[in-house]
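Student: the following block contains a protein sequence and its predicted model.
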Amino acid sequence: MNVRKTVRLLTAVPLCLAICLPVACKNKQRGGSSGRGGRGDGYKYVASASAQETAEKFARAWKSRDFAAAKELFSPELKDRYDERKLKDLIVGPPNHEHKDVEISTARQISENRLEFTLRLTILSKGIISDRKQTEEWNIELVRYNSKWLVDYIPVPRQVVPTG
């Protein structure tokens with residue numbers, strides 16, 4: 001390698017690092033992957049405090065099996081989309097299930113007024129002979145409705161086990 005090429009290379013490397021490194025670090029902090037209906041660019045979205053609070057309230061309502069608290073967080077469209085009994089069965093669950101824990105992921109922005117959170121739900125199914133612990137993942141979507149974040153999508157199965 002001649003001297004000119006070496007000088008150009010040594011000059012170009014710091015310049016490239018000065019431009020590329022901040023962008024790479026910023027992208028790494030955002031992380032994530034595209035989810036259902038997501039932006040597809042792999043960026044996570046830092047939810048506003050009110051959106052995060054709504055997701056946490058919903059998670060607490062699920063964990064405590066409090067349908068009334070969960071229902072307050074539902075958008076009018078979600079309430080219209082499903083029968084109330086089906087939604088209640090989903091939140092309350094079967095009588096032999098104990099909702100042990102719930103974890104909430106970072107929000108993913110779907111659109112300006114729509115966010116997606118992934119909830120990791122831990123359920124203890126009490127059996128006659130033994131108990132079984134299982135984990136489910138739910139993607140829920142929040143929509144900004146009249147300047148308030150509400151739950152607009154939850155994974156309602158076609159057939160839900162009745163709560164008794």
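Tutor: Okay, I see it.

Student: please make it C-alpha for all contacts and neighbour counts, starting now.
Tutor: Noted.

Student: what's the longest strand anywhere in the chain packed up against?
Tutor: Longest strand in the chain by number of residues (criterion: DSSP state E): strand 132-145. Counting contacts by 3 or more CA pairs under 8 Å, 6 or more residues apart in numbering; DSSP states H and E, strand 132-145 is packed against strand 114-125, strand 148-153.

Student: what does the shortest one rub up against?
Tutor: Surrounding strand 148-153, the residues in contact under the criterion CA atoms under 8 Å, 6 or more residues apart in numbering are 50-51, 54-55, 73-75, 77-78, 140-144.

Student: and that strand, what's buried?
Tutor: Across strand 148-153, burial judged by 16 or more other CA atoms under 10 Å covers Trp149, Leu150, Val151, Asp152, Tyr153.

Student: quick one: mean pLDDT over it.
Tutor: For strand 148-153, the mean per-residue pLDDT is 96.

Student: and it with strand 132-145, angle?
Tutor: With axes from the mean of the first three to the mean of the last three CA atoms, to 10 degrees defining the directions, strand 148-153 sits at 130 degrees from strand 132-145.

Student: okay, the angle between strand 148-153 and strand 114-125?
Tutor: Computed by the same axes, to 10 degrees, the angle separating strand 148-153 from strand 114-125 equals 60 degrees.

Student: may I see the buried residues of strand 148-153 organised as a markdown table, with distance to Gln109 added?
Tutor: Compiled in a markdown table, these are given as follows (distance: CA to CA, whole Å):
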| residue | distance to Gln109 |
| --- | --- |
| Trp149 | 13 |
| Leu150 | 14 |
| Val151 | 14 |
| Asp152 | 14 |
| Tyr153 | 14 |
